[in-house]
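**Student:** next come a sequence and a model predicted from it.
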Amino acid sequence: MKARLKLADGGEKTADAKIIEKDDRTVVYLEKEKFSKDVEYVDFLYDYFVKNTGDEGYFITDMCLSGTAQTFFKEREDTESVNEFSFVTCYGMNEGKTGILAIITGMQYDFGMVVGVKNGVYYTYPRFYIDCDMPYDDIRVELYRLDDGSYSAMARKYREYKLKNGCVPLKERAEKDARLKKAADSIEVRVRQGWKPAPSPVENQTPETEPEMHVACDFDRVGDISKSFKKEGIKNAEFCLVGWNIGGHDGRFPQIFPVDERLGGEEKLKNLIRNVKADGYGIVCHDDATAAYHIADCFDEEYLLKNKDGSLHARPYCWSGGRPYKICPRRQYEKFETENQKKIKALGFEGIHYIDVITILPILKCYDKNHPTNKKEGAEWYRKTMKLARETFGGFSSESGYDFAAEYLDYAMYSNFAMGKDEKIPMSDEIVPFWHLVYHGIILYNPCTFTLNYPAKGEKNRLKLIELGGRPLICYYANFAADNRWMGDEDFLCDTDAQLNQTAKWAKKMWEDYEELSDIRYEFMENHTKISDGVYKTEYSNGTAVTVDYNSETYKIERKN
């Protein structure tokens, strides 16, 4: 077969790919020596996954933040969807009863997915973004033919692959680390304590131009939340403090210390940690390993990620600390991570430590001549950060579920973003929980943004968490940003005692939901099936099955006797 190479001058050429037939798979690859420095991207395997309109079956392709799309071969207008990076490094095709799963095993940090239909012909393939650099590896895709072609079977096969390549079941890890076990048996409670305006009116802040920080919940008030939970009879919760550091949430990263005095200062923080633990709960904090703000006392262009033209890589928006610049993953670990985690640990935090956005943003190349990193190397440096957090605190968590991190990710704040809710996604007939089928029993997760704070949002949001076997997530002061409500309009607040008491009662409901399905917490998710419109069944490795009916807003649990 041939691969299609798009060149920098707009032209195209083809290259012969090699095929090796093995006992259980077909390996298709394009040797890195075949490349020259004029290749922008490569379309690969585009002659394998091809179907005609009206054929039985569907494609399964990853749409990153939205989830995994199921695309049936039905009548539709010509259209094409291009996703520039992929959360899971596989895709598949159902052909009725049988199917094919394709796993990217070479250049897997550099690809996205193309899916489309033209003149009645459906196609999907990975697109590898070479960017006119020499590849560090062969492009390689492994094809597995499956007797059961359902997306659940594809997910089981991919899970098998991940377990053979570094992932360890949650149950096994928890048995070896009591800190992780305690966190896994707890609902998650994020408390945003303080923040400056987001987006910031000041792009490059200084101590003189820095906007005032809004104090929403100081250390004493977090202690009140803990006591209210205990009063309600919530047995297990893990608190995560957000914005405890200097300048509040995203205030001055990579600078963290001193602990912000406007929240009570370091001694009150240490006292809070002792008191929360005395109430029987875990407590961790929010950190960042990707963003650098000009106001930081340690800001230095030396450690920042550089674009190919030598410029600094700045994000296209301002946040609480101003314009965030990207830190090179290698320099972040070398310069900051060991010392930061040591100092944070000394405060008394313990549990599943949170480091923001690592698992939700695409990995970028760094072109700084003193610390160049390709995407594979960037992933390896981030994994060092994750591994260190797991060893230091008991676990690692981040914002989402980009699966280069799966070996060290213990909890995803939301494994996908909106999972297709109220979205028009090209070529998607339904968003299916492929990621959840792969990783339930390996990674804890809240399924998506609209399932956090679900008692304030309505029963359908609760049912989505139950359908997908999630770990409940509470976010106090979720809606801090002025122009972005990605976590929903509804919020958990504790400005008044009435609000405090109400949110504690909501938290009790979330705890009770988590306990009701405690038997599936450490199990694999084996099947997910659409029974009819609005009715879905999820089955687990211990025989428990959960059927959710969104039409009647009810659910049913069936257990093996």
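**Tutor:** Great, that's in hand. Please read all numbers here as calculations on a predicted model, not as lab measurements. Numbers count the residues shown, from 1 in each chain.

**Student:** right, and Leu409 touches Ser400 too?
**Tutor:** No. If you go by C-beta atoms under 8 Å, Leu409 and Ser400 don't touch, sitting 9.4 Å apart. Quick note: C-beta positions are derived from backbone N, CA and C, even for glycine.

**Student:** give me the more crowded residue out of these two.
**Tutor:** For the pair Leu409 and Ser400, the greater number of neighbours falls to Leu409 (29 against 25), based on other C-beta atoms under 10 Å.

**Student:** how is that one assigned, secondary-structure-wise?
**Tutor:** coil (DSSP: H, G, I helix; E, B strand; the rest coil).

**Student:** domains in this protein, by residue range?
**Tutor:** Per automatic domain parsing, the domain ranges recorded for the chain read 2-164, 170-286+329-413+452-518, 523-561.

**Student:** what are the phi and psi values for the nearest residue to Tyr454 once chain neighbours are set aside?
**Tutor:** Distances taken as C-beta to C-beta, 6 or more residues apart in numbering place Asn461 nearest to Tyr454, at 4.1 Å, with adjacent residues excluded. When read as degrees, to the nearest 10, the backbone of Asn461 gives phi -70, psi -40.

**Student:** and Asn461, how many neighbours?
**Tutor:** So Asn461, with other C-beta under 10 Å, has 21 neighbours.

**Student:** between Leu409 and Ser400, which contacts overlap?
**Tutor:** Thr359 (C-beta atoms under 8 Å, 6 or more residues apart in numbering).

**Student:** Val117 contacts Phe72, correct?
**Tutor:** No. Between Val117 and Phe72 there is no contact under C-beta under 8 Å: 10.7 Å.

**Student:** which of those two has more neighbours?
**Tutor:** Legend: neighbour count by other C-beta under 10 Å for Val117 and Phe72, higher for Val117 (23 against 17).

**Student:** surely Gly116 is in a strand?
**Tutor:** Yes. Per three-state DSSP, Gly116 lies within a strand segment.

**Student:** spatially nearest residue to it (excluding sequence neighbours)?
**Tutor:** Glu80 (3.2 Å).

**Student:** contact partners for the one you found?
**Tutor:** Contacts of Glu80 (C-beta under 8 Å, 6+ apart): Val114, Val115, Gly116, Val117, Lys118, Pro426, Met427.

**Student:** and the gap between Asn453 and Asp491?
**Tutor:** As for Asn453, its distance to Asp491 is 7 Å (criterion: C-beta to C-beta, to the nearest Å).

**Student:** oh, that last question was meant for Thr373, not what I typed.
**Tutor:** Relative to Asp491, and taking C-beta to C-beta, Thr373 is found at 39 Å.

**Student:** what of Tyr540?
**Tutor:** From Tyr540 to Asp491 the distance is 32 Å (C-beta to C-beta).

**Student:** which residues are in contact with stretch 265-285?
**Tutor:** In contact with stretch 265-285 (C-beta under 8 Å, 6+ apart) are residues 179, 182-183, 186, 218-220, 222-223, 226-227, 229-230, 235-242, 244-245, 258-259, 263-264, 344, 347-354, 393.

**Student:** mind giving me the ChimeraX command for buried ones among the residues you listed?
**Tutor:** Here is the ChimeraX selection string for the buried members of the contacts of stretch 265-285, based on 16 or more other C-beta atoms under 10 Å:
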select :179,182,183,186,218,219,222,223,226,229,230,236,237,238,239,240,241,242,244,245,259,263,264,344,347,349,350,351,352,353,354,393
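
**Student:** which of the three states applies to Met154?
**Tutor:** Three-state assignment for Met154 (three-state DSSP): helix.

**Student:** count of residues packed around Tyr317?
**Tutor:** Around Tyr317 there are 12 residues (other C-beta under 10 Å).

**Student:** and it, which of the three is it?
**Tutor:** Quick answer, by three-state DSSP: Tyr317 is coil.

**Student:** my guess is it contacts Pro199. True?
**Tutor:** Yes. Using C-beta under 8 Å, Tyr317 is in contact with Pro199, at 6.1 Å.

**Student:** mind checking how far Val39 is from Val88?
**Tutor:** In terms of C-beta to C-beta, Val39 sits 25 Å off from Val88.

**Student:** going along the chain, name the helices of this protein.
**Tutor:** For the chain, the helices defined by DSSP state H cover 151-164, 170-176, 178-184, 219-232, 265-278, 329-332, 338-346, 375-393, 434-439, 459-467, 497-516.

**Student:** what's the average pLDDT for the second one?
**Tutor:** Right, the one you point to is helix 170-176. Mean pLDDT, helix 170-176: 98.

**Student:** chain center to it: distance?
**Tutor:** Put simply, helix 170-176 sits 21 Å off its chain's centre (C-alpha atoms, centre = their mean, to the nearest Å).

**Student:** over to the last one?
**Tutor:** Per C-alpha atoms, centre = their mean, the displacement of helix 497-516 from the mean C-alpha position of its chain is 25 Å.

**Student:** how about the fourth one?
**Tutor:** Relative to the mean C-alpha coordinate of its chain, helix 219-232 is positioned 29 Å out (C-alpha atoms, centre = their mean).

**Student:** swap in the shortest one?
**Tutor:** With C-alpha atoms, centre = their mean as the basis, helix 329-332 stands 20 Å off its chain's centre.

**Student:** go ahead and name everything in contact with it.
**Tutor:** 254, 289-290, 302-305, 363, 366, 371, 373, 377-379, 381-382, 385.

**Student:** 6 Å instead, please
**Tutor:** Ala289, Tyr303, His371, Thr373, Gly378, Trp381, Tyr382 (C-beta atoms under 6 Å, 6 or more residues apart in numbering).

**Student:** could you list the low-confidence segments of this protein?
**Tutor:** 420-424 (pLDDT under 70).

**Student:** again, only this time at 80
**Tutor:** 1, 63-65, 418-426, 482-489, 561 (pLDDT under 80).

**Student:** pick out the residue nearest the middle of it.
**Tutor:** Ser400 (1.4 Å; C-alpha atoms, centre = their mean).

**Student:** from Val42, how far off is it?
**Tutor:** Applying C-beta to C-beta to Ser400 and Val42 gives a distance of 27 Å.

**Student:** Lys308 now?
**Tutor:** 18 Å.

**Student:** comparing these two, which residue is more hemmed in?
**Tutor:** Ranked by neighbour count (other C-beta under 10 Å), Lys308 and Val42 place Val42 first, with 25 against 12.

**Student:** this completes my enquiry, with thanks.
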